[in-house]
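Enquirer: Fold the following.
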Amino acid sequence: MQVDQFPSSDLLHFDKLIQDYLAKNEKLSPFISHFPSIENFRPVIAGKQLSTSHRRILSDVLTEQYRNHHPSAAVSENIDLLREEKTFTVTTGHQLCLFTGPLYFIYKMLSTIKLSRSLKKSYPDLNIVPVYWLASEDHDFDEINHAFFYGKKLEWHTEEKGAVGPMDVTTVLLLVDELKLLLGNDAASIVDLLRSAYTLKDLSNATRHIVNHLFGKYGLVILDANHPGLKGLFRHVMKDELFHGSAYEAVSASSAALQMAGYKTQVNPRGINLFYHDENLRARIERSGDKWKVIDTELAFSESELNDLLNSHPEKFSPNVIMRPLYQETILPNLAYIGGPGELAYWLQLRSLFEKHETHFPILVLRDSAMLITEKTQSRLEKIGIAAVDLFKDRNDLIKGMVNASEASLEKEKEALNSLFDDISARMKAVDVTLENAARGEGQRQLSALEGLEKKMLKALKAKEDTRIQQLEKLMTELFPDGQMQERHDNFFQYSLQFGEDLLDVLLNAFDPLANRLTIVSAV
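Expert: Sure, this is the predicted structure:
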């Protein structure tokens, strides 16, 4: 495999907020703890501490969650290390996408592992644990129920509602059979992995099984925060949110400040930024007079009833997009969050909320981006005479560069011909004035012949370039499906089959989330 890397800011089209964040624009300093760099982790480490009892609960919950998942030695060691005060985490989070969903799911995990390794190298006296926050409480089923393989969409349907984590995945096995036909006979190990995953009881366990298989050897710890023991650690924040709704004021103030600085905001806070969470139900909570109602249900609670429920069953309450980062940073000894551009954008609205609850704000790090070029695609790129990196240029500029009409131009030859016949005409006129017209006529005939040849050459060139342009358009459609980057559409297993078992290691070695680079891996 060949690896090439380029500055992501030169090729990827980030909005102004992310461009300025990567450029470390001081206008954004009020909205963050520190800009991402190895040196800037030192003050974050100094300020991030958890109590011994807190760490014990976290480690015990993880041990329980892995009980039937055969954690690797590296994962087991990391779970135990979380009990120690010198252990910290680097975290990414993502929805429970079918078959891991788009490629960038994989890239987020690898970026998290790589940053953990870099921090361990720079701070050798610390233990740094990479963590995947399993978004089991998310209820946006339409966003996670499909995956694309070779342009074909496989889609899972279920009648279940509410949070996706507890959903029964038995019917996904039908899609595994369909996928087997798509991937072919060489995909036996992939099919076996997916079939073993989706025979488990729910989507949370199925996703944990797949991610543990792929990344367990690197020590990646998978945390499902939908647990009463962990929710208990967040109870005081949820109580404040239910009875005082302080997140609205804090996040609105940060959002207004960002807008005044010239940036667009990503999310809008609600009066109460918690859901009520129960079997087949995850619905917003709204206050109406002296009652707290669960939207689109008959459920309603008085203040005392709500307080009793929060104390006895904190797992009945689920943070929304505004509160989830605060929940994460409350229960983890976390130093950095790895996310995509959209995630970092909404995290930048949350600093005031963290200050309100006296919780340390992590360093925000943009995940790595990559493009995978198969042998077949590389061959086609070479045939039309462009490199993979050229595909990130403006499409019209790229096509204009391919069609070079000057290759068919005989302008110099026509100028030379005119000059030649000017000389001939002058000499013939000197001999006999009546011969000048004959010379001029012959010159015009010769010029017309050259112009005819020029037109034939131009026609042939256009025909040739039309073929190249059509080939380019086809490549663009394949590498930027639906007009978006490959990593936001295609599934990892399609490429692991073509690149081989070393693909994860190659990507991990190439990635560096602090470097802000686009990695292009070619199977050559």
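Enquirer: if I look at A256, how far off is H146?
Expert: Distance of A256 to H146, computed by CB to CB, to the nearest Å: 37 Å. Quick note: C-beta positions are derived from backbone N, CA and C, even for glycine.
Enquirer: Between the two, which is the more surrounded one?
Expert: H146 (18 against 12; other CB atoms under 10 Å).
Enquirer: Which neighbouring elements make contact with the helix or strand hosting A257?
Expert: According to DSSP states H and E, A257 maps onto helix 246-260. Judged by 3 or more CB pairs under 8 Å, 6 or more residues apart in numbering; DSSP states H and E, the packing partners of helix 246-260 are helix 351-356.
Enquirer: could you point out which element follows the helix it packs on?
Expert: strand 363-366.
Enquirer: Paired strands for that following strand, with orientation please.
Expert: strand 334-339 (parallel) (DSSP bridges).
Enquirer: Can you list the helices and strands that the next helix or strand after the partner strand packs against?
Expert: Using DSSP H and E, the helix or strand that follows strand 334-339 in sequence is helix 341-347. Contact partners of helix 341-347 among helices and strands, from 3+ CB pairs under 8 Å, 6+ apart: helix 16-22, strand 334-339, strand 363-366.
Enquirer: I'd like the next helix or strand past the longest one.
Expert: So that's helix 16-22. Criterion used, DSSP H and E; the element after helix 16-22 is helix 41-47.
Enquirer: Now that following helix: average pLDDT?
Expert: Averaged over helix 41-47, pLDDT sits at 93.
Enquirer: Can you dump the C-alpha atoms of that helix in CSV for me?
Expert: Extracted in CSV, the C-alpha atoms of helix 41-47 (Å, rounded to 0.1, in the frame of the first residue of the first chain):
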residue,chain,number,x,y,z
PHE,A,41,-2.5,18.8,27.3
ARG,A,42,-0.3,19.5,30.4
PRO,A,43,-2.7,22.1,32.1
VAL,A,44,-5.7,19.9,31.1
ILE,A,45,-4.1,16.9,32.8
ALA,A,46,-3.4,19.0,35.9
GLY,A,47,-7.0,20.1,36.2
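Enquirer: For it, name the packing helices and strands.
Expert: strand 334-339.
Enquirer: Can you give the distance of the strand it packs on from its chain's centre?
Expert: Distance, stretch centre to chain centre, for strand 334-339: 14 Å (CA atoms, centre = their mean, to the nearest Å).
Enquirer: contacts for that strand?
Expert: 36, 41, 44-45, 48, 88-93, 108, 111-112, 115, 119, 128, 131, 325, 328, 343, 347, 362-367, 513 (CB atoms under 8 Å, 6 or more residues apart in numbering).
Enquirer: Kindly report the same for stretch 13-33.
Expert: Contacts of stretch 13-33 (CB under 8 Å, 6+ apart): 8-9, 35, 44, 254, 257-258, 261-264, 341, 344-345, 348-349, 351, 360-364, 366, 516.
Enquirer: and if you look at stretch 209-218?
Expert: By CB under 8 Å, 6+ apart, stretch 209-218 touches 69-72, 74-75, 99-100, 106, 109, 113, 130, 132, 193-194, 196-197, 200, 220, 222, 504, 508.
Enquirer: Filter these down to the buried ones.
Expert: 69, 71-72, 74-75, 99-100, 106, 109, 113, 130, 132, 193-194, 197, 200, 220, 222, 504, 508 (16 or more other CB atoms under 10 Å).
Enquirer: Which of the helices or strands spans L518?
Expert: Going by DSSP H and E, L518 is in strand 517-522.
Enquirer: How about residues contacting that strand?
Expert: With CB under 8 Å, 6+ apart, strand 517-522 has contacts from 1-8, 11-12, 368-373, 378, 388-389, 392, 499, 503, 506-507, 510-511.
Enquirer: What pairs with that strand, parallel or antiparallel?
Expert: Strand pairing (DSSP bridges) places strand 517-522 next to strand 2-7 (antiparallel), strand 369-373 (parallel).
Enquirer: ok, K291 - contacts?
Expert: A300, F301, S302.
Enquirer: could the helices and strands packed on helix 341-347 be laid out in JSON lines, adding mean neighbour count and distance to N307?
Expert: Output for the helices and strands packed on helix 341-347, formatted as JSON lines (neighbours: other CB atoms under 10 Å; distance: least, CB to CB, whole Å):
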{"stretch": "helix 16-22", "mean neighbour count": "18", "distance to N307": "39"}
{"stretch": "strand 334-339", "mean neighbour count": "26", "distance to N307": "29"}
{"stretch": "strand 363-366", "mean neighbour count": "22", "distance to N307": "34"}
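Enquirer: closest one to L417 among those?
Expert: L417 lies closest to helix 16-22 among these, at 54.3 Å (CB to CB).
Enquirer: where does S379 land on pLDDT?
Expert: 91.
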